[in-house]
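Novice: Compute the structure for the input listed below.
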Amino acid sequence: MQPKRQKYRRSFRGDLDNVANIGVGLSFGDYGLKSMESGLLSAKEIESARKTIAHYTKRGGKVWIRVFPYLPQTAKAAGVKMGSGKGNVISFSTPVRAGSVIFEIVGISHEMAKQAFKLASCKLSVKTKFVSSEDEY
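Specialist: Below you'll find the model as predicted:
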């Protein structure tokens with residue numbers, strides 16, 4: 001996953017100190033995977049978690065990915081001396097704040113959703129927890 005086009009090729013990282021204000025509740029599905037800490041999720045992590053969910057549920061139900069990797073990550077080639085500007089874009093990531101929902105799913109049982117999200121959370125670099133629509137009300 002990466003953006004089709006961007007206004008600027010490289011960008012700054014920004015800070016992730018605060019707790020999320022938007023995207024904290026379930027909007028589409030009955031069950032969700034919520035971030036418990038702030039961090040950067042790479043496109044590879046998100047895709048790996050999505051594949052894990054699809055594999056465990058045997059592609060049953062509908063899955064929503066609530067985050068998109070839009071932030072370019074840069075790195076310099078090995079053996080390049082210090083200075084001479086910023087490195088080339090190597091991948092994309094998304095900043096995730098504590099409390100934001102990363103994945104949602106609907107159309108499968110509670111136990112299956114809980115186990116699928118448990119397997120998916122092992123692929124992510126932030127601590128997560130399982131949430132359901134029954135818990136919110």
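
Novice: switch to C-alpha atoms for all contacts and neighbour counts from now on
Specialist: OK.

Novice: Now do the helices in the chain.
Specialist: In the chain, the helices defined using DSSP state H lie at 43-56, 110-121, 133-136.

Novice: In a markdown table, list the ones you listed along with distance to residue 22.
Specialist: Shown next, in a markdown table, are the helices of the chain (distance: least, CA to CA, whole Å):
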| stretch | distance to residue 22 |
| --- | --- |
| helix 43-56 | 19 |
| helix 110-121 | 21 |
| helix 133-136 | 16 |
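
Novice: Longest strand in the chain, by number of residues?
Specialist: strand 88-96 (DSSP state E).

Novice: if we look at that strand, which residues are touching it?
Specialist: Strand 88-96 is contacted from outside by 1-2, 9-10, 16, 35, 37-43, 67-76, using CA atoms under 8 Å, 6 or more residues apart in numbering.

Novice: any idea of the angle that strand forms with helix 43-56?
Specialist: Between strand 88-96 and helix 43-56, the angle comes out at 60 degrees (axes from the mean of the first three to the mean of the last three CA atoms, to 10 degrees).

Novice: rewinding a little: let's have the helices of the chain in a markdown table, adding mean pLDDT, mean neighbour count and distance to residue 90.
Specialist: Shown next, in a markdown table, are the helices of the chain (pLDDT from 0 to 100; neighbours: other CA atoms under 10 Å; distance: least, CA to CA, whole Å):
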| stretch | mean pLDDT | mean neighbour count | distance to residue 90 |
| --- | --- | --- | --- |
| helix 43-56 | 96 | 18 | 11 |
| helix 110-121 | 96 | 19 | 24 |
| helix 133-136 | 77 | 9 | 38 |
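
Novice: Fine, thanks again, bye for now.
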